[in-house]
Structures are given as C-alpha cells and as structure tokens.
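>>> give me the fold of what follows.
(one chain, ligands or ions: 1)
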Amino acid sequence: MLSEPSSRTVQIRLDDGGATLIEGAATARLHPNWLRDQSTESGQIEPTNRQRLFTPLDIPADLTITAAELRGAELVATFSDGHVARFELDSIRRRVGWIEDPEAPPSPEPWTEPLDDFPYVDWSGIGWGVGDADEQAVLDYLTAFFRHGYVVFRNTPTEPDTVRRVANRLGYIVGQNFGWVFDVRTEPDPTDLAYTSIGLLAHTDQPYRRPVPGIQLLHCLANEAPGGDSTLVDGLAAAGAIAAAEPDLHAALASTEVIYPYDMGTDTVVNHGHILEYDRRGRFLRMMFNTKLDSPVFRSGIDLDAWYAGRRWLVGWLNDPSHQVTFRLEPGDLMFMDNHRVLHGRTAFDPSRGGRHLQGCYIEHDGPDTMYRLAVRSRRARLSG
Ligand SMILES: [Fe+2]
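Have a look, this model is predicted:
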C-alpha cells in the first residue's frame, strides 16, 4: 500500500552529524554523505542524465548536516561544506523504503500449476513502436511477465527473422555462440540437443555463458509434426518447494559450486555458478538448470550426496506434468520467458510427418524493466498533468 505523503506526520531532527527522519514508529538515520549525494541542486547533477557532477573527493571527509527542516513536501538541509539542498520528501521516504517505488515492476508470484488464464498477448496491442502501442496492453503484458515469468505473443508475422524484430521492440537482442538468431529444427550434425527431434526435459538455456541470457524468445514459423508441444515450469516455485520439503538438499543446491562447460571444439565457453542462486538478502536470483552439461566443482572431501539427491528431486518436480503448463505453438506465436526463472522443454516429435521450425534469440532483463518504468512514468505524468 502506498501511504499518502504528509509532512505533518514526519519529523526530522539533527543527530550526531547526520539527521533522523521520524514517521510514526519508523525512524531512518540519514548519513550526511548519503543525503548530500542525493542533492539535485543546480551544479550538482547533469540535468539530462541526472548523474552526479561532484566526486567523493569534492566532499569533506568530516561532512555533517548542520541544519535540517521540513517545509511542506520538502526537506531542506544545510551541510558543513556550505551546500544547501532541497529534497522532495517523498523521494527520501521512497529511498528509505517507507513508500514503494511506483515505477518498480510487479513482484514475481510463484505458480505450481498452469495459470487459470493462459497469458496470451495479442501482438497488435504492442506494435512496433511506442506510437503504435496500446499503453494498457503494454502494461498488461509486462505485469503478466513479471508476475509469472512468461507470456506468449499471438499474431506476430509468420516471416523468418520476426523474432529479431520483436526482440528489438521489447529490448535489445544479445548475441551468443549460435549467432544473433538461432533456428530450432532438426539438423544432421546438431550443435545442441535442441536441434534434434528428441524430447527435452525442463531446463534453462546456456548456463555456460557469461552473462547467462536473461530472456529467451522462441518464434514459431511451422509446427506440423506430431508432438513437439512446448512445456514451461516455474523454477521459483520449484526452489520454494524443495526448500520446504528438503531443506538440506536445497542448501546443497544453493551452496555447491557448479561448472557449466560447452565445447564444440571450435567453440568453447565455461561458466561457474549454482543450481539455485540467491542474493545476500535471500531473494531468489536465478536457477541454472541444465542436466546435459552441469557438474559440481570437485573439491577434496566434498560430500556430493545431498547435491545429487537435490538435483534428482528437482528433475522429478520440474518434469511432473501437474507442475507444468503444456501448449502448442502455432505459426505466429512467440514464447517469451525469463531464462533465469522459468524452465522450458518440449515433447518429442516425428520430423518425417511434418515440418517444425522455430527461431529464437535472447534479450536481457533491462528491456522489459525499462519498458515498464517508462510506461508507468508516462501514465503518471498524463494523469497528474
Ligand atoms: Fe532450450
């Protein structure tokens, strides 16, 4: 819930060189350097990019706040270097975590079974540029993606290379060892098991790359062969499930370093990571799950029983049909999934009885993040103006 800004309920007092902001039972001590760094007064930041024009060496090491008061919706502070700065009180309240960032994308919501409504998004609402876009359709697509980690766009063109155009509309295409755009179809000398007709267990793509690709796009040009259905499953939900059911196995997967090599002779890359990765505050960062090529990094005396049991547990959970959503891509459909969270797979197909041709590529998370923030900013500006 966003709380209404009200300077009447907020107080500030000087506190040992800094200042303490008080709102009800909440207090936040503002370090003098921290507050000084937030100054947007003339000469402090470049007005276009809002980056700081002063360096840490321009600020006295013994900087203090010498005066601070609230004036309406502003905090006005004077510093010992003589600088006087006015701050929007809400921006300070947002920075200290008292109110939400209105531009922050929605939080992920784990799912352990197919969603009630499959998240199809009609491409006509997204369009090829901001001018073509339906703002609500864009926000709806992004909200679904951030919550659940995937959407499927419908009614994109059925021409080759469409995936590249879509990627560059939604973010910036990133190259990788297969090139910019890769073709998923059966090949005589496959550079990946994806380029055969065998079924694929749930996996994340390319854990061997640095950085691991953030978002995968798969565009369907033809899907006439029997079989070849797509599957998706939520790695975030799987991580929660194993943490609850088997905490020791979960701990092994989160703490055991894993090596992910890819070696085609002429093309070789290696990355290290963990099957489950969390940030220092314990928030889920990503899953790196590809049992075609992972191995724990060997260390003398290492006990791998829990790691192998945990990996096996996850293979079972992730490939349980009740946890997966299974669907068929039709020409013009484009699957858009968070490769750090949602795992994908497919059922086997019979290439002798019809063609199956997908084109894929990757973008990073910045694309949807930026698109969401700008859409919210634009809407807020319009509604307030
Ligand atoms: Fe894949």
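>>> all strands of the stretch 51-200 of the chain, in order?
65-71, 74-79, 84-88, 120-122, 150-154, 173-174, 182-184, 200-203 (DSSP state E, counting those that start in this stretch).
>>> from Glu100, how far off is Leu72?
Let me fix one detail, which is that residue 72 is Gly and not Leu. Plainly put, Gly72 is 22 Å away from Glu100 if you go by CB to CB, to the nearest Å. Placement of C-beta: from N, CA and C, glycine included.
>>> actually Phe289, not the one I typed
From Phe289 to Glu100 the distance is 32 Å (CB to CB).
>>> a markdown table for the strands of the stretch 51-200 of the chain, including mean neighbour count?
Formatted as a markdown table, the strands of the stretch 51-200 of the chain follow (neighbours: other CB atoms under 10 Å):
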| stretch | mean neighbour count |
| --- | --- |
| strand 65-71 | 16 |
| strand 74-79 | 20 |
| strand 84-88 | 15 |
| strand 120-122 | 16 |
| strand 150-154 | 20 |
| strand 173-174 | 18 |
| strand 182-184 | 18 |
| strand 200-203 | 22 |
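>>> among these, which is nearest Asp333?
Among the strands of the stretch 51-200 of the chain, the nearest to Asp333 by CB to CB is strand 150-154 (5.6 Å).
>>> show residues contacting the closest one.
Strand 150-154 has contacts (CB atoms under 8 Å, 6 or more residues apart in numbering) with 118-123, 126, 141, 144-145, 166, 232, 327, 329-330, 332-338, 342.
>>> what is the neighbour count of Ile275?
Using other CB atoms under 10 Å, Ile275 is surrounded by 28 other residues.
>>> pLDDT of the longest helix along the chain, averaged?
Longest helix of the chain, by residue count under DSSP state H: helix 366-384. The pLDDT scores in helix 366-384 average 95.
>>> now that helix: buried residues?
Gly367, Pro368, Asp369, Met371, Tyr372, Arg373, Ala375, Val376 (16 or more other CB atoms under 10 Å).
>>> those into CSV, with extra columns for distance to Pro47?
Formatted as CSV, these follow (distance: CB to CB, whole Å):
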residue, distance to Pro47
Gly367, 26
Pro368, 28
Asp369, 24
Met371, 24
Tyr372, 24
Arg373, 19
Ala375, 23
Val376, 22
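>>> and of the residues you listed, the nearest to Ala19?
Looking across these and measuring by CB to CB, the closest to Ala19 is Arg373, at 29.5 Å.
>>> nearest residue to the closest one in space, please, no chain neighbours.
Once flanking residues are discounted, Arg373 sits nearest to Glu103: 4.2 Å by CB to CB, 6 or more residues apart in numbering.
>>> list the buried ones in stretch 153-164?
Of all the residues in stretch 153-164, those buried under the rule 16+ other CB under 10 Å are Phe153, Thr156, Thr162, Val163, Arg164.
>>> same question for stretch 22-35.
With burial defined by 16+ other CB under 10 Å, the residues of stretch 22-35 counted as buried are Glu23, Ala28, Leu30, Pro32, Asn33, Leu35.
>>> does Ile99 touch Ser91 like I think?
No. In this structure, Ile99 is not within contact of Ser91 by CB atoms under 8 Å, at 9.6 Å.
>>> how's this protein carved up into domains?
7-95, 120-372 (automatic domain parsing).
>>> could those go into TSV alongside distance to Pro108?
Below are the domains of the chain laid out as TSV (distance: least, CB to CB, whole Å):
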stretch	distance to Pro108
domain 7-95	21
domain 120-372	6
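>>> pick the most deeply packed of the ones you listed.
Each of the domains of the chain was scored by mean neighbour count; the highest is domain 120-372, a mean of 17, by mean count of other CB atoms under 10 Å.
>>> quick revisit: quick one: which of the buried residues of helix 366-384 is nearest Thr78?
For those, the minimum distance to Thr78 (CB to CB) is 32.7 Å, reached by Arg373.
>>> was I right to think the closest one contacts Pro102?
No. At 9.4 Å, Arg373 does not count as touching Pro102 under the criterion of CB under 8 Å.
>>> contact partners of stretch 83-99?
Contacts for stretch 83-99 (CB under 8 Å, 6+ apart): 2-3, 5, 7, 10, 21, 23, 26, 28, 30, 35-36, 38-41, 44, 70-71, 73-79, 100-101.
>>> ok, back up a step: my understanding was that the residue nearest to Arg373 contacts Arg377; is that so?
Yes. Here Glu103 reaches Arg377: they are 6.0 Å apart, a contact under CB under 8 Å.
>>> quick one, grab the pLDDT at Thr256.
Residue-level pLDDT assigned to Thr256 equals 97.
>>> the residue lying closest to Asn290 once chain neighbours are set aside and Tyr262, how far apart?
Spatial nearest neighbour of Asn290, chain neighbours left out: His203 (4.6 Å); criterion: CB to CB, 6+ apart. Distance, His203 to Tyr262, using CB to CB: 13 Å.
>>> that older thread, which residues touch the residue nearest to Arg373?
Residues in contact with Glu103, defined by CB under 8 Å, 6+ apart, are Tyr372, Arg373, Val376, Arg377.
>>> again, but for Gly18
Gly18 makes contacts with Arg29, Leu30, His31, Pro32, Leu35, Thr64, Ile65, as judged by CB under 8 Å, 6+ apart.
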